[in-house]
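Student: Model the following, please.
(2 chains)
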Amino acid sequence: MLRALCRCRHVLAGGPAPGHGHGPGPSPTLCPGWSPRVVPARGRKSRDDPPAKSKADRLKMPPPVDPEELLVVLERYRQHRLVLGALRAEFRAEVLQKKREERLSGENSVELLEEHRRLMAWNDEENARQRARREERLRKEAEEERRRKLEAQEQQARKMEAFLKEKEKEVLQLQEEAKSFITLENLDARIEECLDNPRNYNFAIDKNGRVVKRTMLS
Amino acid sequence: MGLGGGAAADAFPGAGASSVRVGRAGVMVQLGSRLLRGYRGGHVVIRFALGGCANRPFFRIVAAYNKRARDGKYLEQLGCLDPLPNAHGEKVAGLNLERLRYWLGSGAQLSRPAEKLLGLAGFLPLHPMTVTGAERLRRRRQREEQAGTAPAPAPGDTPGAEP
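Tutor: Numbering: from 1, shown residues only, chains lettered A, B, ... in the order given. Presented below is the predicted three-dimensional model:
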């Protein structure tokens, strides 16, 4: 509503009735938002529906305003706003005062501090307890770990030992067998020996390794 | 008008209990954080929230963020207004002046009908348009009265002259 009044004021201050050269519709000087293409947002039609033909000659003018009443009303508004501002300042001061008092109030502060300290102490106790439990658990786990590692190392050592023993045995075995190897020195002697003691290998063996005494042919 | 305080709606935790410093920058800037739901550049308004049924409106006077829906979540209920007159022809409203002072002190804005209501209640000065509206009504009634009495003597003469 006040916008209409301000519009009227501009009309009073500005020139005579604004020209309607731009066509039907309120003049842009009077209603800057109402260009010929702009349509209102309410109603059955949507934004881009064209206005009806019956409204082709319609000239929308803002409501008439009485300048004296306008001045009176503006003055009243000014005073009203002044009073409102003062009241708001008053209330603001009140609220701040109350907050300050709340902050500095002495009666409850002791109890609150007491409560706070008690709760903090309880919290610290809880923390200590949990820490003890946690440390216990961690210690046990560390011990477990160490024991397992030790066992693993022992296992490893034992395996290594067994392996080495096996290898040792094999080496000894080989050394034993090496005594009966044929070398360049023994070669002639062994050949003589073999030639002197002929052995008969003409026998068959069954699956169990026993010599077969009877065959089909015999 | 009844002064029964509107029952404070159950605001979400931290709403009214925590120290509220609300409002545009520069109005009241005190401590700390805003309320839980932070709006960018929003402010608190004291306005009417419509309730009731078809053909039976009922307004709650409510402090809410301006971005919220009209009937949506509010910060605190500060009163109520029944727009339909009762059996004695009165329109009854209830206001919680204590909390109103608090919210206004914390920088809440007022909507136009809320301002008018508070002006009529006497808590704030009368709104200019209330006065202007009353003046216009009075002038209109006077004009109608004069229009009613002026033609009455005129036809009153002629029937006297006729017979």
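Student: show me the contacts for the residue nearest the centre of chain B.
Tutor: Residue closest to the mean C-alpha point of chain B, counted by C-alpha atoms, centre = their mean, is B:A114 at 2.3 Å. Contacts of B:A114 were listed using C-beta atoms under 8 Å, 6 or more residues apart in numbering or on different chains, and they are B:46-48, B:61. All C-beta spots, glycine's among them, are computed from the backbone N, C-alpha and C.
Student: and those as a markdown table, adding neighbour count and secondary structure?
Tutor: Listed next are the contacts of B:A114 as a markdown table, based on neighbours: other C-beta atoms under 10 Å in any protein chain shown; DSSP: H, G, I helix; E, B strand; the rest coil:
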| residue | neighbour count | secondary structure |
| --- | --- | --- |
| B:I46 | 24 | strand |
| B:R47 | 23 | strand |
| B:F48 | 21 | strand |
| B:I61 | 26 | strand |
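Student: Look at residue 72 and give its secondary structure.
Tutor: No chain in the question, so chain A it is. Reduced to three states with DSSP: H, G, I helix; E, B strand; the rest coil, the structure at A:V72 is helix.
Student: Next up, the contacts around it.
Tutor: With C-beta under 8 Å, 6+ apart, A:V72 has these contacts: B:T132.
Student: one more time with 10 Å
Tutor: A:V72 sits next to A:66, B:128, B:131-132, B:135 when contact means C-beta atoms under 10 Å, 6 or more residues apart in numbering or on different chains.
Student: Let me know the closest of the residues you listed to A:P198.
Tutor: Set against A:P198, the nearest of the contacts of A:V72 by C-beta to C-beta is B:P128 (146.5 Å).
Student: check which helix or strand covers residue 125.
Tutor: In the absence of a named chain, chain A is used. helix A:107-178 (DSSP states H and E).
Student: any bit of that helix sitting next to chain B?
Tutor: No: shown here: helix A:107-178 not in contact with chain B (C-beta under 10 Å from any C-beta of the partner chain), separated by at least 15.2 Å.
Student: tally of neighbours for residue 73?
Tutor: No chain in the question, so chain A it is. The tally of other residues near A:V73 (other C-beta atoms under 10 Å in any protein chain shown) stands at 20.
Student: try chain B instead
Tutor: So B:K73, with other C-beta under 10 Å, has 14 neighbours.
Student: thought it was touching B:A63?
Tutor: No: with contact defined as C-beta atoms under 10 Å, B:K73 does not reach B:A63; the gap is 11.4 Å.
Student: returning to that earlier point: averaged pLDDT, the helix holding A:E125. What do you get?
Tutor: For helix A:107-178, mean pLDDT is 95.
Student: C-terminal to that helix, what's the next element?
Tutor: Toward the C-terminus from helix A:107-178 - assigned by DSSP H and E - lies helix A:184-196.
Student: Tell me the pLDDT of the residue of chain A positioned farthest from its centre.
Tutor: Residue farthest from the centre of chain A, counting by C-alpha atoms, centre = their mean, is A:D196 at 92.8 Å. Note for A:D196: predicted pLDDT of 94.
Student: And B:G122, by the same measure?
Tutor: 95.
Student: same thing with the one 4 residues further on?
Tutor: Note for B:L126: predicted pLDDT of 96.
Student: B:R70: neighbour count?
Tutor: 11.
Student: how would you label B:A63: helix, strand or coil?
Tutor: strand.
Student: what pairs with it across the strands?
Tutor: B:I46, B:E76 (DSSP bridges).
Student: Please report how far A:A142 lies from chain B.
Tutor: A:A142 sits 45 Å away from chain B, going by C-beta to the nearest C-beta, to the nearest Å.
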